[in-house]
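A.B. asks: pasting the sequence and the predicted model now:
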Amino acid sequence: DINHWIKAVFFDGNDNKFSKNARTHHSTYKHNKWLTPEDHDRIESWIDIDPQFHRIYARGLWGVLQGLIYDKNHEIIDEFPSEFPEVIYGWDFGFNDPQALIKLGCFPEKKEAYLTELFYGSGVLSDQVTERFSRYGISKHDRIYADSSRPDDIERSKRSGYTILPSIKGQ
């Protein structure tokens, strides 16, 4: 993402202690000797489907992906507020694909919401994430909306005493 801190620190020529001791290397799929001609054709076809996606993943340039859930009207802040009138959590299960746990703090009167990522990773069982809840500051009374496609994981986590609710997925 063109707004990511990595770009500012390492690529925009900001004179800081990190960029002085770092080197960057630009390569694209064209440098990957393991890709087949069909892979090259598929990657190049993205230009007709999503030019921004092609710019990022085929040409290796900075950009902003379109169609993201949170693609507008947000800013990245340095410090997550400590107190909210309302807090809920969102949990997307995964194992081979990443699993994610977020905290959502709301100030309804200001129409403001803050999100922070508590966990993101692959190869981790849901039970292992549940064991970390207290470390993340999640109490047994906090509402955690979880991936409704995995009722078995929801049930196992509920047996640990946490308030896990299935998410209602839209289209």
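C.D. replies: Okay, I see it. Residues are numbered from 1 along each chain as shown.
A.B. asks: mind listing what the nearest residue to S160 once chain neighbours are set aside touches?
C.D. replies: Nearest residue to S160, sequence neighbours excluded (CB to CB, 6 or more residues apart in numbering): T130, at 5.3 Å. C-betas here are computed from N, CA, C, even on glycine. By CB atoms under 8 Å, 6 or more residues apart in numbering, the residues touching T130 are 156-157, 160, 162.
A.B. asks: swap in L118?
C.D. replies: 89, 101-103, 136.
A.B. asks: tell me how far the residue in the chain sticking out farthest from the centre lies from F80.
C.D. replies: Distance from the centre of the chain peaks at P37, with 31.2 Å (CA atoms, centre = their mean). P37 sits 47 Å away from F80, taking CB to CB, to the nearest Å as the criterion.
A.B. asks: ok, now S139?
C.D. replies: With distances taken as CB to CB, S139 is found 17 Å from F80.
A.B. asks: ok so, going back, what are the phi and psi values for the residue farthest from the centre of the chain?
C.D. replies: For P37, the backbone dihedrals (degrees, to the nearest 10) come out as phi -60, psi -30.
A.B. asks: pLDDT below threshold where in the protein?
C.D. replies: Applying pLDDT under 70 to the chain flags residues 13-20, 65-75, 170-171.
A.B. asks: do a quick rundown of the helices in this structure.
C.D. replies: Here the chain has its helices, by DSSP state H, at 5-6, 17-20, 37-49, 51-57, 126-130, 151-158.
A.B. asks: deepest of those, which one?
C.D. replies: Using mean count of other CB atoms under 10 Å, the stretch among the helices of the chain with the largest mean neighbour count is helix 126-130, at a mean of 18.
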